[in-house]
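Peer 1: generate coordinates for the sequence data below:
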Amino acid sequence: MLTTKHHDGITLWDAPGTGHRNTAHRGPRRDLVGEIARAAGEAGLRFGVYYSGGLDWHVRPTAPLVHGEDVHDAKRPRDDEYGAYCSSQVRDLIDRYGPDVLWNDIGWPDQNMHFDQGGLGELLEHFYRQRPEGLINDRFSGAHHDFVTTEYQAGEAPVDQAWENCRGIGQSFGYNQLEGPDQYISGTQAVRHVIDAVSRGGRVLLNVGPRADGTLPEPQVEVLEQLGEFMAEHKQALAGSRGLGELQIPGADWARAVEKDGRCHVFVVGDPGVLRIAAGDLPEGFGWPAEGVEVELGGATAVPVAVSSEASGPRATVPS
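Peer 2: Below you'll find the predicted structure:
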């Protein structure tokens, strides 16, 4: 999910209406959107585009934004001309790169909410014609969405809707040279964040902030590698699962559960040592042994330990 244009108005491709104000004509002099889209396709990944439709400080300068109302209402542009400018750029992204997800930010100009040429309605219809399985997020000012979003800890996870939590590894979405280990989450925290979202029926969009030369800070790389190592073993249990939520397990500090294909997976964190979990403290309807199960925990800084059981069967198994 690439940030193709943020609030500063610089586009990472030769976007219509930008002249030389894009990365194809300045800076790296490269079509970064095209290169990353191709790399994602070659790796068998879906490709999505973030686009700041609500703010563009080059096309529509604003006074400094000092609080949430400024960002989402008072100082965002609303006119149809600006909306047509944004619509032409997003349409160009669709036609050039065929993204699977449109991830808009900060809303959309009010006066562009129409189905005439250059309007948002025409744009979204065009997207679905080109990408019938495509998805859009809920930041088009309520016009339409396929999933809803929360950000960092803001917003409540919705009931009976697809949802996604987005956050940076640090407290900033872009690279912040003043951030360090005190601001970054750890690999263990990233793992717990993903499991927690999945256990509540959601997913996570985790942001990285590259330096100016495109490299990622080593602390961010370490988080990604630790998360990747965990997911290499446990993704099959989490992807496409049904969330069973938080569990209260005596002796454990943290526990979440999911179900997939009739198999229950419980992820547990607690003080180092062996913990016996009573069958009655595990989700009902699965084949937990009557005497419960044992897990060996690694402490607060260790990744969660998983224990699983079939819907029917004599024993639970603990993945290695």
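
Peer 1: which residue ranges form the strands in the stretch 51-200 of the chain?
Peer 2: Here the stretch 51-200 of the chain has its strands, by DSSP state E, counting those that start in this stretch, at 101-105, 135-136, 148-151, 163-168.

Peer 1: need the ones you listed in CSV (columns: mean neighbour count).
Peer 2: Glycine gets a C-beta too; all of them are placed from N, C-alpha and C. Converted to CSV, those look like this (neighbours: other Cβ atoms under 10 Å):
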stretch, mean neighbour count
strand 101-105, 22
strand 135-136, 20
strand 148-151, 17
strand 163-168, 20
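
Peer 1: could you dump those strands to CSV with mean pLDDT and distance to Gln220?
Peer 2: CSV is the format used below for the strands of the stretch 51-200 of the chain (pLDDT from 0 to 100; distance: least, Cβ to Cβ, whole Å):
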stretch, mean pLDDT, distance to Gln220
strand 101-105, 98, 20
strand 135-136, 98, 26
strand 148-151, 94, 18
strand 163-168, 96, 9
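
Peer 1: so which of the ones you listed gets nearest His126?
Peer 2: For those, proximity to His126 was assessed by Cβ to Cβ; strand 101-105 is nearest, at 10.8 Å.

Peer 1: can you tell me the strand partners of that closest one and which way each runs?
Peer 2: Partners of strand 101-105 in the sheet, by DSSP bridges, are strand 48-52 (parallel), strand 135-136 (parallel).

Peer 1: what residues does that strand touch?
Peer 2: 1, 46-55, 90, 94, 124, 127, 134-137, 139-140 (Cβ atoms under 8 Å, 6 or more residues apart in numbering).

Peer 1: filter those down to the buried ones, PyMOL style.
Peer 2: Here is the PyMOL selection string for the buried members of those, based on 16 or more other Cβ atoms under 10 Å:
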select buried, resi 1+47+48+49+50+51+52+53+54+55+90+94+124+127+134+135+136+137+139+140
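
Peer 1: the residue nearest to the spatial centre of the chain - nearest residue in space that isn't next to it in sequence?
Peer 2: Residue closest to the average C-alpha location in the chain (Cα atoms, centre = their mean): Leu205, at 1.3 Å. What sits nearest to Leu205 in space, not counting adjacent residues and going by Cβ to Cβ, 6 or more residues apart in numbering, is Cys166, at 4.2 Å.

Peer 1: circling back to that earlier point, which stretch among the strands paired with strand 101-105 comes nearest Gln183?
Peer 2: strand 48-52 (21.6 Å).

Peer 1: relative orientation of that closest one and strand 163-168 in degrees?
Peer 2: When axes from the mean of the first three to the mean of the last three Cα atoms, to 10 degrees is applied, the directions of strand 48-52 and strand 163-168 differ by 70 degrees.

Peer 1: for the remainder of this discussion, apply numbering that starts at 511.
Peer 2: In the new count, where the first residue is 511, that last one comes out as strand 558-562.

Peer 1: on that earlier part again, now the strands paired with strand 611-615 in TSV, with distance to Ser682?
Peer 2: Below are those laid out as TSV (distance: least, Cβ to Cβ, whole Å):
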stretch	distance to Ser682
strand 558-562	15
strand 645-646	25
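
Peer 1: understood, closing this out.
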